[in-house]
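A.B. asks: my questions are about this predicted structure, shown below with the sequence.
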Amino acid sequence: MVRVRLVGIRKSFEGFTLEIPELEVESGEMMTLLGPSGCGKTTTLRIIAGLEKPDSGRVFFDETDVTNLEPGKRNIGIVFQDYALFPHMTVFENVAFGLEMRKLPRDEIKKKVEWALELVGLKGFENRYPEQLSGGQQQRVALARALVIEPQVLLLDEPLSNLDAKIRERLRGEIRRIQKELGITTIYVTHDQEEAMAVSDRIAVMNSGRIEGIGKPLELYYHPKTEFVAKFLGLSNILELEAENGIARLGTLEFKTGRDGKVRVFFRPENVLVKPGKGARVIDYDLLPGRIRLRLGIGGETITAERFLNELPFSPEDIPKEVSVEVLSYSVLE
């Protein structure tokens, strides 16, 4: 497998510019490009695939410059959002297509197709046509077709967005299992934060053509550097406070900031510990499956706390008007 590196990439369209000074995907790593629609993640993937040519910058597979190579010469596998299966071909024929284009012997094609279909859990489906398959099965065929050619790099462009929630959750686990089993360098595009957290070794969060943050899932989730990353990855508390002697205060809460002046303190609702006592007023709350979300007034600000019901020190039917709060983990945004 190879390391993928982008250096000085720039691509402009009308009203939009993609700029990636540097991005490196390690050999065997699952890197997810995560962001809202129109942020540039699919354009980045297409540049890596050779389907788009950058206005400037270079694409490297290990030390080989592939910027001007055609897609067919990059030894990549691609899975698209819409499956892109040939409706007049059987499952076997769809998966075998890339191998036949490479003019492999028929016996070898048969062995490789059988291996790929077993890998994605579709052994016995060889003679079915796409119209006879569910959406999840069709996407498995598309994945088998991408893997059967034994690519150096696997590119997945919103591969699960057309599936319902339960199938999406099951299939993302299968994709992760297969990627780890094969050790294949994989770049995964999605707008779904939960999906990105579930499958990735690292995540690059994109916004308006730029990478706002990059890191391991939990590192980005709990210690983002920017407000956009903090808000995009989930429910957040962001407080604009004044720090003095390296400490910012809000009611009974204290935050070590490492600097003075105006600061933005960030923490997730699940990092707010709620206990019987005084200091924070309970404004209202939502009962959710297995947990409770409380909106609390403290020091003139409103913060959100979220706890599992079995962690709550009082009954959900008997929420007090005032509680004591502690923030277990926080960070200061740039």
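C.D. replies: Perfect, thanks for sending it.
A.B. asks: partners of the top strand by length along the chain, with directions?
C.D. replies: In terms of residue count, the longest strand belonging to the chain (DSSP state E) is strand 272-288. Strand pairing for strand 272-288, using DSSP bridges, gives strand 291-298 (antiparallel), strand 322-327 (antiparallel).
A.B. asks: can you tell me which of the ones you listed is nearest to residue 20?
C.D. replies: Smallest distance to residue 20 across the strands paired with strand 272-288 (CB to CB): 34.6 Å, for strand 322-327. For every residue, glycine as well, the C-beta is placed using N, CA and C.
A.B. asks: ok, back up a step: mind putting the strands paired with strand 272-288 in TSV, mean pLDDT and distance to residue 236 included?
C.D. replies: What follows is those, written out as TSV (pLDDT from 0 to 100; distance: least, CB to CB, whole Å):
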stretch	mean pLDDT	distance to residue 236
strand 291-298	96	13
strand 322-327	96	12
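A.B. asks: and the ones you listed as TSV, adding distance to residue 6 and mean neighbour count?
C.D. replies: Formatted as TSV, those follow (distance: least, CB to CB, whole Å; neighbours: other CB atoms under 10 Å):
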stretch	distance to residue 6	mean neighbour count
strand 291-298	39	18
strand 322-327	37	17
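A.B. asks: for residue 256, find the nearest of these.
C.D. replies: strand 322-327 (11.2 Å).
A.B. asks: residues contacting the closest one, please?
C.D. replies: Applying CB atoms under 8 Å, 6 or more residues apart in numbering, the contact partners of strand 322-327 are 252-253, 255, 267, 271-282, 294, 296, 298, 303, 305.
A.B. asks: checking residue 109 next. Helix, strand or coil?
C.D. replies: Classification of residue 109 using DSSP: H, G, I helix; E, B strand; the rest coil returns helix.
A.B. asks: please name every helix or strand in contact with the worst-scoring helix or strand of the chain on mean pLDDT.
C.D. replies: Least confident helix or strand, the chain: helix 165-182 with a mean of 89, by mean pLDDT, DSSP states H and E. Here helix 165-182 touches strand 30-34, helix 135-147, helix 193-199, going by 3 or more CB pairs under 8 Å, 6 or more residues apart in numbering; DSSP states H and E.
A.B. asks: sounds good, over and out.
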